[in-house]
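> Quick one, what's the 3D model for this:
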Amino acid sequence: MKHIILISLVIFLSYFSLRAQENNSELKKEVYVVKPYKPTISDAYKINSLPKIIDTVKIIPTFKYYLITKPLDISYNPKAIKPAKMVGEPLKKLYNSYTKVAIGNKAMPFIEVYLNNKRSKKFSIGTYLKHFSSFSKVNLLNNKKGDAAFSDNEILFYGKKFFENSVIKSNIGFNRNVMHYYGYNTFVDSTLLKDDIKQKYFDFQINARYYSTYTDSLHVNYDFGLNYNYFLDDFSNSENSICFNGKINKYFEKEMVGLDFAYNYYDKSQSIDSVSNKVFYMSPWLGLFSDKWRVSAGINVYSDKHGESSNTYYYPKGNLEYDIINHYIIPYAGIDGRREVNNYRTVVNENPFILPALNVKNTDYKMILLIGIKGNFSSSIFYNFQVKHSIVGDMPFYVNNFSQTDSMGNMFGVVYDDIEITKYFGELSFNPSDELGFALKANYYRYAMNEESKPWHKPELIVNFFTRYDMRNAIILKSDIFIKGKRYALVNNTAKELDAVLDINLGLEYRYTKVLSGFLQLNNILSSDNYMWNYYPTYGFNVMAGITYSF
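Here you go, the predicted model:
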């Protein structure tokens, strides 16, 4: 209360002093005000220290755990995942048939037909028919004409059955070919009647084959074949032939072993040969392989039994090649030998103008040595060059058959000689694009004769050149050039030189649709007098035009 009274008294006096000061402006005084005392109390702080008990004895507890296992039954059925598939190009549409029909200026009708089932994983079956003929004559020497009419006919039925790891295929068919011995020595005052020089060949065949398709090294691969042929000419000369052949091989990690074999039986009519001919062949071999080189070695064994006469022949067999620079340079070498059967059917296929019932000895290729190099200059250029030297016994050569009663020489007989042949071979192909391609092959021969003065009717040079251009798969241009070098024929114990053969052909095809097209073929555009055999010229310039159709 004292403080309150004192403070009130001070304020009261100060008020009146200010009022008096205002009333008297000349009165000036200084006043000092002292603030009254204000008591304060400091904050309180809590003591945080807690009592502690210090125990010098430590006890570590021990625990034991017992786990009882129990399988957890979780039922989960995963959803099947579809196998991945490679997405490729769609399969091209197949057609059941292909037909080709044409006609030429030399009275040349031509027809070719293929009939086949469509794509199947189980089997393939079809048939093939062909007819090609001509009724024209050719120009001989001395302005004479030769009746060169011919007719080639073929019918073939074929089939194939697919199994999981093997295939069976078979075919049955026959050929009927008609020709004439129209080439003769025109300096002889005589003529040939068409019916007198007519010859027909009939060939019936049945073939069967059974082979494996394994692609791994765990299985033995095999390939067996059985072939039957019945061959007959227009003079009742006939030949039956049966051939059984097979191949067995097994591939290991880096090597392959195999065995090739064949048995051939030839039964001929008495007019051809009075005894049969049996030839057995066997060839065991071993091959070694790597990424860079290939080596194979074996032996060829032939047993040739002709009637009561029997001989066995042994030939070394081997091949070696080494890839030096990734398929660009591949040198190779080889050695071989074989017994070649010259039955009536094979001789006619080589020279249809032979004497009827001509019997030809088998040829003995005693040794064949070769060396070469092949590879690719680029992805579009392939090459192959080779030199081959052969030592041959009983090599047949066809010569015009002249006799005291027949001096026309329109049929061919055979003479034999033991010779050596050196062949130089070259091959080059160039495909700059899918639309354009070129191919060239050349063979040059050198003969070393023993008894005969010349290799009768054997050319020293054979060249083939082929080119093809596809213009947008609509227009296709083709051209081929065939060259056959000079040859010699034996006429009256004298070597007669035959001119070289130059044959240039051009072809044009226009594909109107995928199933219909037309074509034009120009043959021997230089109209050269090409003699494939002595006295036998071929047709001159001729044209063929036709269409092809698929359905």
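> Burial check on residue 546, number of neighbours?
The tally of other residues near residue 546 (other C-beta atoms under 10 Å) stands at 19. In this view, the C-beta of every residue, glycine as well, is placed from N, C-alpha and C.
> What pLDDT does the model give it?
In this model, residue 546 is scored at 96, pLDDT.
> Please report phi then psi for it.
Dihedral angles of residue 546 (phi, psi; degrees, to the nearest 10) stand at phi -170, psi -170.
> just residue 346 next, same as before
As for residue 346, its main-chain torsions (degrees, to the nearest 10) stand at phi -70, psi -30.
> Return the residues in contact with residue 438.
The neighbourhood of residue 438, defined by C-beta atoms under 8 Å, 6 or more residues apart in numbering, consists of 429-431, 465-467.
> Show me where the stretch 151-300 of the chain has its strands.
166-180, 198-212, 220-233, 238-251, 255-268, 277-289, 293-306 (DSSP state E, counting those that start in this stretch).
> Apologies, that question was intended for the stretch 1-150 of the chain.
Under DSSP E, counting those that start in this stretch, the stretch 1-150 of the chain gives strands at 97-104, 108-116, 123-134, 137-139, 145-147, 150-162.
> what about residue 171, how many residues close to it?
Close neighbours of residue 171, defined as other C-beta under 10 Å, add up to 17.
> I should have written residue 190 there, sorry.
Around residue 190 there are 11 residues (other C-beta under 10 Å).
> which one is it nearest to, not counting chain neighbours?
Among residues not flanking residue 190 along the chain, residue 408 sits closest, at 6.4 Å (C-beta to C-beta, 6 or more residues apart in numbering).
> quick one: the one you found and residue 187 touch, right?
No: using C-beta atoms under 8 Å, residue 408 is not in contact with residue 187, being 10.0 Å away.
> neighbour count winner among those two?
Shown here are residue 408 and residue 187; by other C-beta under 10 Å, residue 408 has more neighbours (21 against 11).
> ok, back up a step: who wins for proximity to residue 418 among the strands of the stretch 151-300 of the chain?
Shortest distance between residue 418 and these, using C-beta to C-beta, is found for strand 293-306: 16.6 Å.
> Kindly calculate the angle that whichever helix or strand comes after that closest one makes with strand 255-268.
The helix or strand immediately downstream of strand 293-306 is strand 309-322, counting by DSSP states H and E. Relative orientation of strand 309-322 versus strand 255-268 (axes from the mean of the first three to the mean of the last three C-alpha atoms, to 10 degrees): 150 degrees.
> Show me what strand 309-322 packs onto, helices and strands only.
strand 293-306, strand 330-340, strand 363-378 (3 or more C-beta pairs under 8 Å, 6 or more residues apart in numbering; DSSP states H and E).
> And the first one, how far out from the chain middle?
So the one you mean is strand 293-306. 25 Å (C-alpha atoms, centre = their mean, to the nearest Å).
> How about that strand, which residues are buried there?
Neighbour-count burial for strand 293-306, counted by 16 or more other C-beta atoms under 10 Å, picks out 294, 296, 298, 300-302, 304-306.
> got the CA positions of that strand in CSV?
Only the C-alpha atoms of strand 293-306 are listed here, as CSV (Å, rounded to 0.1, in the frame of the first residue of the first chain):
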residue,chain,number,x,y,z
TRP,A,293,40.3,-79.8,-95.0
ARG,A,294,38.7,-83.0,-96.2
VAL,A,295,40.5,-86.3,-96.9
SER,A,296,39.1,-89.6,-98.1
ALA,A,297,40.8,-92.8,-99.1
GLY,A,298,39.7,-96.2,-100.2
ILE,A,299,39.9,-98.9,-102.9
ASN,A,300,37.7,-99.8,-105.8
VAL,A,301,37.3,-103.5,-106.5
TYR,A,302,35.7,-104.7,-109.7
SER,A,303,35.0,-108.3,-110.7
ASP,A,304,34.1,-108.5,-114.5
LYS,A,305,32.8,-111.9,-115.6
HIS,A,306,32.1,-112.4,-119.2
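> any residues touching it, and which ones?
275, 277-289, 310-323, 336-339, 362.
> if we can go back for a sec, out of the contacts of residue 438, who's nearest residue 551?
residue 466 (29.9 Å).
> helices or strands up against the helix or strand where that closest one lies?
Using DSSP H and E, residue 466 maps to strand 461-471. Helices and strands touching strand 461-471, by 3+ C-beta pairs under 8 Å, 6+ apart, are strand 436-448, strand 475-484.
> okay, now the residue lying closest to residue 400 once chain neighbours are set aside: neighbour count?
Distance criterion C-beta to C-beta, 6+ apart; nearest residue to residue 400, sequence neighbours excluded, is residue 409 at 3.7 Å. Residues near residue 409, counting by other C-beta under 10 Å, number 22.
> I'd like the numbering to begin with 26 instead of 1 from here.
Happy to do that; since the first residue is 26 now, the last one works out to residue 434.
> count of neighbours near residue 193?
Residue 193, neighbours per other C-beta under 10 Å, totals 14.
> Please apply the same query to the one 10 residues further on.
Under the neighbour criterion other C-beta under 10 Å, residue 203 is assigned a count of 16.
> Double-check it against residue 176; I have them as touching.
Yes: here residue 203 lies in contact with residue 176, judged by C-beta under 8 Å, at a distance of 4.2 Å.
> Between the two, which contacts overlap?
Both residue 203 and residue 176 are contacted by residue 158, under the criterion C-beta under 8 Å, 6+ apart.
> Can you report phi and psi for residue 457?
phi -70, psi -20.
> sorry, that was for residue 375
Backbone torsions for residue 375, taken as degrees, to the nearest 10, come to phi -80, psi -40.
> give me every residue that touches residue 173.
159, 161-163, 205, 207, 564.
> Closest one to residue 95 out of those residues, please.
Closest approach to residue 95 among those (C-beta to C-beta): residue 159, at 96.1 Å.
> The residue nearest to that closest one when sequence neighbours are not counted and residue 564: what is the separation?
Closest residue to residue 159 apart from its sequence neighbours, by C-beta to C-beta, 6+ apart: residue 133 at 4.7 Å. As defined by C-beta to C-beta, to the nearest Å, residue 133 lies at a distance of 9 Å from residue 564.
> what's the overlap in contacts for those two?
In contact with both residue 133 and residue 564: 159, 161, using C-beta under 8 Å, 6+ apart.
> Rebuild the strands of the stretch 176-325 of the chain as TSV, extending it with distance to residue 440 and mean pLDDT.
Shown next, in TSV, are these (distance: least, C-beta to C-beta, whole Å; pLDDT from 0 to 100):
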stretch	distance to residue 440	mean pLDDT
strand 191-205	23	95
strand 223-237	22	96
strand 245-258	22	96
strand 263-276	22	95
strand 280-293	21	95
strand 302-314	20	95
strand 318-331	19	95
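> The ones you listed: which one's closest to residue 419?
strand 318-331 (11.1 Å).
> Could I get the pLDDT score of the residue nearest to residue 144 when sequence neighbours are not counted?
Spatially, and ignoring its direct neighbours in sequence, residue 144 is nearest to residue 119 (5.3 Å; C-beta to C-beta, 6+ apart). Looking at residue 119, its pLDDT reads 78.
> My guess is residue 119 contacts residue 142. True?
No: look at residue 119 against residue 142 with C-beta under 8 Å: they stay out of range, at 9.0 Å.
> Which residues are in contact with each of these two?
Contacts common to residue 119 and residue 142, judged by C-beta under 8 Å, 6+ apart, are absent.
> rewinding a little: find the pair from the contacts of residue 173 with maximum spatial separation.
Greatest spacing in the contacts of residue 173, by C-beta to C-beta: 205 and 564 (13.6 Å).
> returning to that earlier point: any idea which of the contacts of residue 173 has the most stuff around it?
With neighbours taken as other C-beta under 10 Å, the top of these is residue 207, carrying 23 neighbours.
> Apart from its chain neighbours, what residue comes closest to that one?
In this structure, residue 207 finds its nearest non-sequential neighbour in residue 171, 3.6 Å apart by C-beta to C-beta, 6+ apart.
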